[in-house]
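the following comprises the amino acid sequence and a computationally predicted model.
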Amino acid sequence: MTKTAAILGGGVIGGGWAARFLLMGWDVRVFDPSPTAEETLNAMLGRARRALPALYDVALPAEGKLSFHGTISEAVDGAVWIQESAPERLELKQKLYQQVQSVCDPEAIIGSSTSGFMPSELQSCATRPEQIIVAHPFNPVYLLPLIELVGSDKTGPDTLDRAKDLLETVGLFPLKVRQEIPAHIADRFLEAVWREALWLIKDGIATTEEIDDAIRMGFGLRWGQMGLFETYRVAGGPAGMAHFISQFGPALEWPWTKLMDVPELTDELIEMIASQSDAQSGHLSIAELESLRDGNLIGMMRSLKARGSAVGKVLADHEKTIEPVMPDLMVPMITLDRQVPTDWVDGNGHMNESRYVQAMSEASDRFLLWIGTTPDYIATQGSWFTVENHVRYLAEVMIGDRISATTKVLEAKGKKLKLFYTIRCNGEVAATVEQLLIHVDMQTRRAGEPPAEMADLLTRIAEAHAAFGVPEGAGGTGRR
């Protein structure tokens, strides 16, 4: 059953929330009085449609239905999650909650994107304070998974748990904050770095670009995959964190930073920061910077996913929940359905020839899994090794295109298996691949017969698939 989310405020943050829910199969109802809200959100949704699926190696759920509404009551109708992303004005948010709670489902969760207000402040004028929580995201919400979940002593006992479970289904990483505090957790770190950066600029020690270089060329990369404490644990060497603290802890008493002392934001300092920022990246439009940001994030996050580390583990775990279920094996079946990510494209701007084979390989892995070649089977018994591929390149495939592969069993005789893949893009046949595999005993690493149960299943599949005829382009392997 399709779930419904209501988004109150469709700007940068609210639009990101809308895109995340929508692309994960939810219906999304938006309320935003701005006359340009629909245009702005649709532009963001276009970027999200290119970006979010590129993190996954399977197709995302069918996209939900997006609708815009002129009243709050229409927007929240039927919603199980209501996300408020209004401007950071407490009275405005409190008034909004009063309107929402007069018409919404009492069991719906109301989350606020606030970066600074505590839930007790948001709840102070509410009819049902236990229904309102902080659900603070990070931009772009359609890519970055962290959501800070914060409740107060009035929050329902199971509300944060329900919120956590729900948000995990759309690929987010909810972090339950133990107790409410202004600016929660992450923004307090960002605020500390921001204060120090303002002083470095004001005192003429560094420019905006030099400060950004110090982050993106050094510790930012370490933090992105290890965080703060794990990074310092490594810095402590074999002796670990205790050694690091004993070695570098005394430096905390040195007057290095001005974390609680903020320079006055005079017109002169603001102009200095703005002019340096313009010199740094003013040659690029905001849309170009957003595209650059998304591409960089996708590349880093996919690399981490391949290693099951940090944010990559969140992606990998979520991907398992949207993996396709095993279809009827007795007819040619879809074994691959995914978007072409940025790192699959070559200098000609289209999918590199090796990636056609990778697409086939992913389709092959899924088919072999369905016939019983599980990780446990590979670890203890056998596997299928590719001996030969015959590839026909028939059409261009571009970045962001959605591709699928249909698998047909041409031959299954003992330890020999011949498969045929038809790779399609936008309804057009983009390539065909014929693959010859041999079953291998993983203990001896030599060719060997598959178990009788697997061999029997493959024989039955091959006989059933024969009724569909020989596909065009077949016959390219096993000619020796």
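All right, it came through fine.

pretty sure residue 184 contacts residue 177?
Yes. Counting by Cβ atoms under 8 Å, residue 184 touches residue 177, with 5.6 Å between them. Bear in mind the C-beta positions are built from the backbone N, C-alpha and C, glycine included.

identify the contacts common to the two.
134, 148, 150 (Cβ atoms under 8 Å, 6 or more residues apart in numbering).

what would those look like in a markdown table with neighbour count and secondary structure?
Formatted as a markdown table, the shared contacts of residue 184 and residue 177 follow (neighbours: other Cβ atoms under 10 Å; DSSP: H, G, I helix; E, B strand; the rest coil):
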| residue | neighbour count | secondary structure |
| --- | --- | --- |
| 134 | 26 | strand |
| 148 | 20 | strand |
| 150 | 27 | strand |
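
with distance to residue 264 and pLDDT added, can I get these in JSON lines?
Shown next, in JSON lines, are these (distance: Cβ to Cβ, whole Å; pLDDT from 0 to 100):
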{"residue": "134", "distance to residue 264": "30", "pLDDT": "97"}
{"residue": "148", "distance to residue 264": "30", "pLDDT": "97"}
{"residue": "150", "distance to residue 264": "31", "pLDDT": "97"}
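
just the residues you listed now: which is nearest residue 99?
Distance to residue 99 across the shared contacts of residue 184 and residue 177 (Cβ to Cβ) is lowest for residue 134, with 19.0 Å.

now that closest one, nearest residue through space, not along the chain?
Spatial nearest neighbour of residue 134, chain neighbours left out: residue 150 (3.8 Å); criterion: Cβ to Cβ, 6 or more residues apart in numbering.

how close does that neighbour get to residue 383?
Here the criterion is Cβ to Cβ, to the nearest Å. By it, residue 150 lies 48 Å from residue 383.

for residue 135, same thing?
Distance from residue 135 to residue 383, counting by Cβ to Cβ: 44 Å.

who has more neighbours out of the two?
residue 135 (27 against 17; other Cβ atoms under 10 Å).

part of a strand, is the more buried one?
Yes. Under DSSP: H, G, I helix; E, B strand; the rest coil, residue 135 falls within a strand.

beta partners of it?
residue 149 (DSSP bridges).

where are the low-confidence patches of the protein?
251-253, 255, 478-480 (pLDDT under 70).

ranges for the strands of it?
4-8, 27-31, 66-69, 81-84, 109-112, 132-136, 146-150, 173-176, 333-339, 382-393, 402-413, 416-425, 428-441, 446-447 (DSSP state E).

okay, angle between the longest one and strand 416-425 too, please.
Read it as strand 428-441. 150 degrees (axes from the mean of the first three to the mean of the last three Cα atoms, to 10 degrees).

okay, the shared contacts of residue 184 and residue 177 in CSV with distance to residue 82 next?
As requested, the shared contacts of residue 184 and residue 177 are exported to CSV (distance: Cβ to Cβ, whole Å):
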residue, distance to residue 82
134, 13
148, 17
150, 16
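
and which of the residues you listed is nearest residue 354?
Looking across the shared contacts of residue 184 and residue 177 and measuring by Cβ to Cβ, the closest to residue 354 is residue 148, at 40.8 Å.

how far off centre is stretch 393-411?
Averaged C-alpha coordinates place stretch 393-411 at 24 Å from its chain's average position (Cα atoms, centre = their mean, to the nearest Å).

check contacts around residue 409.
Per Cβ under 8 Å, 6+ apart, neighbours of residue 409: 417-420, 458, 461-462, 465.

and these, which is closest to residue 89?
residue 419 (60.6 Å).

so who does the closest residue to the closest one other than its chain neighbours touch?
Take residue 419 and drop its neighbours on the chain: the residue closest to it by Cβ to Cβ, 6+ apart is residue 435, 4.7 Å away. Taking Cβ under 8 Å, 6+ apart, we find residue 435 in contact with 360, 364, 386, 388-389, 418-421, 477.

for residue 435, give the beta-bridge partners.
Beta-bridge partners, per DSSP bridges, of residue 435: residue 389, residue 419.

residue 235: what's its closest spatial neighbour, skipping adjacent residues?
residue 244 (5.4 Å).

so the one you found sits against residue 232, correct?
Yes. Applying Cβ under 8 Å as the test, residue 244 and residue 232 come out as touching, 5.1 Å apart.

residue 215 versus the closest residue to residue 199 other than its chain neighbours, what's the distance?
Using Cβ to Cβ, 6+ apart and skipping the chain neighbours, the partner closest in space to residue 199 is residue 258 (5.0 Å). Using Cβ to Cβ, we find residue 258 at a distance of 18 Å from residue 215.

tell me which residues touch the nearest residue in space to residue 459 that is not next to it in sequence, please.
Excluding its sequence neighbours, the residue lying closest to residue 459 (Cβ to Cβ, 6+ apart) is residue 412, at 5.4 Å. By Cβ under 8 Å, 6+ apart, the contact set of residue 412 is 418, 455, 458-459, 461-462.

and the two most separated of those residues?
The two members of those with the most space between them (Cβ to Cβ) are 418 and 455, at 14.2 Å.

and the two? Which one has more around it.
More crowded of residue 418 and residue 455, by other Cβ under 10 Å: residue 418, with 21 against 18.

touching, that one and residue 477? I think so.
Yes. Applying Cβ under 8 Å, one finds residue 418 in contact with residue 477, separated by 6.4 Å.

shared neighbours of the two, anything?
By Cβ under 8 Å, 6+ apart, the residues touching both residue 418 and residue 477 are 434-436.

which residues touch stretch 241-256?
The contact list for stretch 241-256 (Cβ under 8 Å, 6+ apart) reads 229, 232-233, 235-237.

my bad, should have said stretch 40-52
Under Cβ under 8 Å, 6+ apart, the answer for stretch 40-52 is 10-12, 14-16, 18-20, 22-23, 30, 32, 34, 60, 66, 140, 142-143, 290-291, 294, 297-298, 399-400.

among those, the buried ones, what's the ChimeraX command?
Provided next is the ChimeraX selection string for whichever of those are buried by 16 or more other Cβ atoms under 10 Å:
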select :10,11,14,15,16,18,19,20,22,23,30,32,60,66,140,142,143,290,294,297,298,399
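
just the contacts of stretch 40-52: which are in helices?
12, 14-16, 18-20, 22-23, 290-291, 294, 297-298 (DSSP state H).

now residue 60: phi and psi?
phi -70, psi 160 (degrees, to the nearest 10).

now it: how far from residue 363?
18 Å.

cool, and residue 410?
Noted for residue 410: a distance of 14 Å to residue 363, by Cβ to Cβ.

quick one: which of these two has more around it?
Applying other Cβ under 10 Å to residue 410 and residue 363 shows that residue 363 carries more neighbours, namely 27 against 20.

that one contacts residue 421, doesn't it?
Yes. Counting by Cβ under 8 Å, residue 363 touches residue 421, with 5.5 Å between them.

leaving out chain neighbours, which residue sits closest to residue 66?
residue 28 (5.1 Å).

scratch that, residue 414 is what I was asking about
residue 449 is the one closest to residue 414 (Cβ to Cβ, 6+ apart), at 5.6 Å.

ok so, going back, tell me who's in contact with the residue nearest to residue 134.
Contacts of residue 150 by Cβ under 8 Å, 6+ apart are 118-119, 133-134, 136, 177, 180, 184.

do residue 186 as well
Counting by Cβ under 8 Å, 6+ apart, the residues that residue 186 touches are 136, 138, 146, 148.
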